[in-house]
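Chemist: only the shape, not the letters, is given here:
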């Protein structure tokens, strides 16, 4: 009886930190196994809700939201293409993309449940304590709330 592969979810945004996390993961956890990939990879992009990006209220908001929606869709498409290109270059064939709308912290925890993932991989932006306190840490939130193991990939300082 063939066993189903475990699922690995990896967080992806438009930052060099998340691209580094994807590349590191492919190089260290996929490439050594060749064509026998140990996981089915699901790359999740949390697309912001336009109103959360704008943080505006008033009559101008209604005019700006459709433009923001187009820009956010273009960004999601660009990220998807980057992921597909890198996975093809690294010969990783079992990969799915999932673009979900909302706050990355919630989206990633929901994606873990949705895909029944056994591992969640997130990049670290390397924020200091002040910036992390203001913006919140996606990796910290996921480490405490995701119902699976969480691996945080830090980009080395150059």
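Modeler: All right, it came through fine. Since we're looking at a predicted model, the values are computed, not measured. Numbering: from 1, shown residues only.
Chemist: quick check: which ranges of this structure have low pLDDT?
Modeler: For the chain, the stretches flagged by pLDDT under 70 are 1-3, 50-62, 126-136.
Chemist: helices along that one, start to end?
Modeler: Taking DSSP state H as the criterion, the chain carries its helices at 16-25, 50-54, 59-89, 104-115, 129-135, 138-145.
Chemist: which one of those helices lies nearest to residue 6?
Modeler: helix 104-115 (10.2 Å; C-beta to C-beta). All C-beta spots, glycine's among them, are computed from the backbone N, C-alpha and C.
Chemist: what's the spacing between the closest one and its chain's center?
Modeler: Offset of helix 104-115 from its chain centre (C-alpha atoms, centre = their mean, to the nearest Å): 10 Å.
Chemist: by how many degrees do it and helix 16-25 diverge?
Modeler: Angle, helix 104-115 to helix 16-25, by axes from the mean of the first three to the mean of the last three C-alpha atoms, to 10 degrees: 30 degrees.
Chemist: just to revisit the earlier point, out of the helices of the chain, which gets nearest to residue 96?
Modeler: For residue 96, the closest of those is helix 104-115, at 8.3 Å, according to C-beta to C-beta.
Chemist: centre of the chain to stretch 67-81, how far?
Modeler: When distances are taken as C-alpha atoms, centre = their mean, stretch 67-81 is centred 14 Å away from the chain's centroid.
Chemist: that older thread, of all the helices of the chain, which one is nearest residue 123?
Modeler: helix 16-25 (3.4 Å).
Chemist: residues in contact with the closest one?
Modeler: In this structure, residues lying in contact with helix 16-25 by C-beta atoms under 8 Å, 6 or more residues apart in numbering are 8, 10-12, 43, 82-83, 86, 90, 121-126, 151, 153, 155.
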